[in-house]
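Asks: curious how this folds, go ahead:
(2 chains)
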Protein chains: 2
Amino acid sequence: MPVKLLITNDDGIYAEGIQLLSKVLFESGRYRLKIVAPDHERSAVGHAITMHRPLRVEQARFLHNPELTGWSVNGTPSDCVKLAVEALLDERPDLIISGINRGSNLGTDVLYSGTVSAAVEGIILGLPAVAVSLTEGDESQDFIYAAEFICDLIPQLIAEGLPEGTMLNINVPPGSSAIKGARATRLGTRRYRNSFDRRIDPRGMIYYWLAGELIEGEEEENSDVQAIRDGYISITPVHFNLTNEAIIPDLQKMLSRIKKG
Amino acid sequence: MPVKLLITNDDGIYAEGIQLLSKVLFESGRYRLKIVAPDHERSAVGHAITMHRPLRVEQARFLHNPELTGWSVNGTPSDCVKLAVEALLDERPDLIISGINRGSNLGTDVLYSGTVSAAVEGIILGLPAVAVSLTEGDESQDFIYAAEFICDLIPQLIAEGLPEGTMLNINVPPGSSAIKGARATRLGTRRYRNSFDRRIDPRGMIYYWLAGELIEGEEEENSDVQAIRDGYISITPVHFNLTNEAIIPDLQKMLSRIKKG
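Replies: Here you go, the predicted model:
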């Protein structure tokens, strides 16, 4: 039985990253692919889902490969994964792959990432999932290099499994021939300065553009940001055990001191 | 110096929850309030931010209290907090309060929550933050009860502080007089069944509504879901240490076994 993959992204179903990833995986002959992705770019949507309007699904065709099956959805990456698994696919996939995103998803930026949130939706549904991003540029050869890396990684992931509730967030630097290898990393920090650009429109009204310059700082040992700087692929295991267990006892003590409302 | 609060939400600046919260906090005389919230409802947007269009800000007036200062923003809850702290406010607030949301934000559902993501944006900016939700109903008296609870909690939070990178996710059940107290909890699990409703429109085209019925299951000890069922306010400390550190060594071993791409 070939491995069943669900492919999605946040750049939209016709973006080069998802097209080249699908092509490489399909042509390897090792996988059965279903592609369910947004009908247009949905970057920075975080874990948004669509509740207040209906979702529409269209069959998508791929000129480079008419054997591939795809659907485009007028929703977010999380919508795509939810809808694929709960309504569109006949069988649950063995693995979800979100990407290849154009642009990095490193450190704390993963909270805003549509690419990562599609993979998170996978783990909420109990399915193993991987998010893949190309940190810089959009050269076809760099997307293909990243796709080939994923193509070789999948059998290992399927064989060894991922702990429940954990996804892999993978970032690939450009310049394939110079890449030194892959590192298992932790999420670094990403801080920005001067985040808004205030402007006046032709009618004299104020508006704001989200801008913000990345502050390059000291990096924690073995962070994803540092791995990319050093020319490595970064692979970070990301989970969603969001409760800060350590402070529950102190919090309980504090609560006993407030007067009941 | 009165405590400086930034108030936001995801139901929109004119929703009853944020209006009554602001009224109660203002009338206590203990706080200086700035209100920056979306111009309309933005539920389930998760941690979405607006990058591809400019943000507009309008002064908002509150008929019940002309001394309050507010701005409405044509963006998400995360946009509101970012824009408030980086562009609109003269001084950084001492605490961010997001809410009072109409409807619960419990367990794994927090990943989709605009209310929680506004508080998360606060902790990304290095500011302590609290999200508050009324789990059921929309009676004014229940919002007021929740607001009074928050009003009494704030001085404790300011005095004792919160660990960096941790926010509090607070859910308040309805029926104020029957509430038994507050518990320091952990996030429970929320699972849904049959998530999409497939329909045919008047033109014969298929569309899907996100539906899904909550599966009531066994709850982990001391979960937020359980606390609400038992008639308590739940207060969960939520952090974003998303790296699954424990599996990094095994992952590194696995990487050494894949052929370099």
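Asks: show me which positions of the longest helix seen in chain A end up buried.
Replies: Secondary structure assigned by DSSP state H gives helix A:140-160 as the longest helix of chain A. For helix A:140-160, burial by neighbour count (16 or more other CB atoms under 10 Å in any protein chain shown) applies to A:142-151, A:153-154, A:157. Quick note: C-beta positions are derived from backbone N, CA and C, even for glycine.
Asks: any chance of those in TSV, plus pLDDT and distance to chain B?
Replies: Shown next, in TSV, are the buried residues of helix A:140-160 (pLDDT from 0 to 100; distance: CB to the nearest CB, whole Å):
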residue	pLDDT	distance to chain B
A:142	96	11
A:143	97	12
A:144	97	9
A:145	96	6
A:146	97	8
A:147	97	9
A:148	97	5
A:149	96	4
A:150	97	9
A:151	97	8
A:153	95	6
A:154	96	10
A:157	93	8
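Asks: can you pick out the most distant pair from these?
Replies: Checked with CB to CB, the buried residues of helix A:140-160 reach their widest spread between A:142 and A:157, with 21.9 Å between them.
Asks: distance between stretch A:43-58 and the chain's centre?
Replies: 16 Å (CA atoms, centre = their mean, to the nearest Å).
Asks: ends of it, how far apart?
Replies: 20 Å (CA to CA, to the nearest Å).
Asks: how many other residues sit next to residue A:45?
Replies: 29 (other CB atoms under 10 Å in any protein chain shown).
Asks: can you check residue A:174 too?
Replies: Neighbourhood size, residue A:174 [other CB under 10 Å]: 18.
Asks: helix, strand or coil for the residue lying closest to residue A:47 once chain neighbours are set aside?
Replies: In this structure, residue A:47 finds its nearest non-sequential neighbour in residue B:46, 3.2 Å apart by CB to CB, 6 or more residues apart in numbering or on different chains. Per DSSP: H, G, I helix; E, B strand; the rest coil, the secondary structure class of residue B:46 is coil.
Asks: which parts of the stretch 1-150 of chain A sit against chain B?
Replies: Residues of the stretch 1-150 of chain A lying close to chain B by CB under 8 Å from any CB of the partner chain are A:43-52, A:54-57, A:78-79, A:82-83, A:86-87, A:108, A:110-112, A:117, A:120, A:124, A:145-146, A:148-149.
Asks: of those residues, buried ones?
Replies: Buried among these by 16+ other CB under 10 Å: A:43-50, A:54-55, A:57, A:78-79, A:82-83, A:86-87, A:108, A:110-112, A:117, A:120, A:124, A:145-146, A:148-149.
Asks: for the stretch 151-261 of chain A, which spans come out with low pLDDT?
Replies: A:194, A:259-261 (pLDDT under 70).
Asks: can you give me the strands in it?
Replies: A:166-172, A:182-184, A:191-193, A:196-200, A:206-210, A:213-215, A:233-239 (DSSP state E, counting those that start in this stretch).
Asks: report the distance from the last one to the chain centre.
Replies: In other words, strand A:233-239. For strand A:233-239, the distance to the chain centre is 11 Å (CA atoms, centre = their mean).
Asks: the inter-axis angle of that strand versus helix A:140-160?
Replies: Angle, strand A:233-239 to helix A:140-160, by axes from the mean of the first three to the mean of the last three CA atoms, to 10 degrees: 50 degrees.
Asks: contact partners for residue A:163?
Replies: When contacts are counted by CB atoms under 8 Å, 6 or more residues apart in numbering or on different chains, residue A:163 is found next to A:237, A:239, B:244, B:247.
Asks: isn't the last one right next to residue A:164, touching?
Replies: No: at 11.4 Å, residue B:247 does not count as touching residue A:164 under the criterion of CB atoms under 8 Å.
Asks: neighbour count for those two, which is higher?
Replies: Counted by other CB under 10 Å, residue B:247 and residue A:164 do not tie: residue B:247 has more neighbours, with 17 against 9.
Asks: chain A versus the more buried one, what's the distance?
Replies: From residue B:247 across to chain A, the span is 5 Å (CB to the nearest CB, to the nearest Å).
Asks: so which of the contacts of residue A:163 is the most crowded?
Replies: residue A:237 (23 neighbours).
Asks: show me what contacts the residue lying closest to that one once chain neighbours are set aside?
Replies: Distances taken as CB to CB, 6+ apart place residue B:244 nearest to residue A:237, at 4.1 Å, with adjacent residues excluded. When contacts are counted by CB under 8 Å, 6+ apart, residue B:244 touches A:163, A:166, A:237-239.
Asks: same check, this time on residue A:126
Replies: So, once contact is read as CB under 8 Å, 6+ apart, residue A:126 ends up touching residue A:164.
Asks: just the pLDDT at it, thanks.
Replies: In this model, residue A:126 is scored at 92, pLDDT.
Asks: and it, that one's in a strand?
Replies: No: assessed with three-state DSSP, residue A:126 is coil; it does not lie in a strand.
Asks: what are the boundaries of the helices in the stretch 1-150 of chain A?
Replies: Using DSSP state H, counting those that start in this stretch, the helices found in the stretch 1-150 of chain A span residues A:16-27, A:77-83, A:114-124, A:140-160.
Asks: name the helices or strands packed onto the third one?
Replies: The reference is to helix A:114-124. Helices and strands touching helix A:114-124, by 3 or more CB pairs under 8 Å, 6 or more residues apart in numbering or on different chains; DSSP states H and E, are helix A:77-83, strand A:95-102, strand A:129-134, strand A:166-172.
Asks: the last one: partners in the sheet, and parallel or antiparallel?
Replies: Spelled out, it's strand A:166-172. Strand pairing for strand A:166-172, determined by DSSP bridges: strand A:129-134 (parallel), strand A:233-239 (antiparallel).
Asks: try the longest one
Replies: With DSSP bridges as the criterion, the sheet partners recorded for strand A:95-102 are strand A:3-8 (parallel), strand A:129-134 (parallel).
Asks: let's have the ones you listed in JSON lines, adding mean pLDDT, distance to residue A:220 and mean neighbour count.
Replies: Formatted as JSON lines, the strands paired with strand A:95-102 follow (pLDDT from 0 to 100; distance: least, CB to CB, whole Å; neighbours: other CB atoms under 10 Å in any protein chain shown):
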{"stretch": "strand A:3-8", "mean pLDDT": "97", "distance to residue A:220": "30", "mean neighbour count": "24"}
{"stretch": "strand A:129-134", "mean pLDDT": "98", "distance to residue A:220": "20", "mean neighbour count": "27"}
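Asks: export those to CSV and tack on distance to residue A:26?
Replies: Formatted as CSV, the strands paired with strand A:95-102 follow (distance: least, CB to CB, whole Å):
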stretch, distance to residue A:26
strand A:3-8, 10
strand A:129-134, 16
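Asks: list the buried residues in stretch A:191-207.
Replies: A:192, A:195-196, A:207.
Asks: which of those residues sits closest to residue A:18?
Replies: residue A:192 (27.3 Å).
Asks: all good on my end, thank you.
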